[in-house]
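[1] Fold the stuff below for me.
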Amino acid sequence: MIQLPDDEWLDMVVWRSSEDFAASRAKGANLPGIAAFFGAIAELVSSEEGTEFDIAAKQVD
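    The predicted structure follows:
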C-alpha cells in the first residue's frame, strides 16, 4: 500500500497473468478472502490492468 496526500491510500495488486486478473474480476467477491479484501476499502476509485515494468532490469550501462 502506498500512502498518498490527504490520508488516501493506493493499493496495488499484482496477478501472475492477465488470465488470473480476468478470473479474479469474473469471480467478484464470491470468495471469503476476496470479500474481506474489498470490504476494507471505503471507496474504489478505479481498477486498471497494466504491465509491470522492472526499471532495474532495463537500466543502461
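
[2] quick one, longest helix in the protein?
    Assignment by DSSP state H gives helix 18-27 as the longest helix of the chain.

[3] Following that helix in sequence, what is the next regular element?
    Later in the chain than helix 18-27, the nearest helix or strand by DSSP states H and E is helix 32-39.

[4] Who does residue 10 form a beta bridge with?
    Counting by DSSP bridges, residue 10 forms beta bridges with residue 2.

[5] gap between it and residue 49?
    Separation of residue 10 from residue 49 (CB to CB, to the nearest Å): 16 Å. C-beta coordinates here come from the backbone N, C-alpha and C atoms, glycine included.

[6] For this structure, give me the ranges with low pLDDT.
    Applying pLDDT under 70 to the chain picks out residues 28-29, 59-61.

[7] Where does the residue nearest the centre of it sit: helix, strand or coil?
    Nearest to the mean C-alpha position of the chain, by CA atoms, centre = their mean, lies residue 13 at 2.5 Å. At residue 13 the chain is in coil, as set by DSSP: H, G, I helix; E, B strand; the rest coil.

[8] which residues does residue 25 contact?
    Residue 25 is in contact with residue 47, counting by CB atoms under 8 Å, 6 or more residues apart in numbering.

[9] quick one: residue 3 and residue 11 touch, right?
    No - in this structure residue 3 lies outside contact range of residue 11 using CB atoms under 8 Å: 10.7 Å.

[10] intersection of neighbour lists for the two?
    By CB under 8 Å, 6+ apart, no residue touches both residue 3 and residue 11.

[11] Show me which positions of the longest helix of the chain end up buried.
    By neighbour count with 16 or more other CB atoms under 10 Å, helix 18-27 contains the buried residues residue 21.
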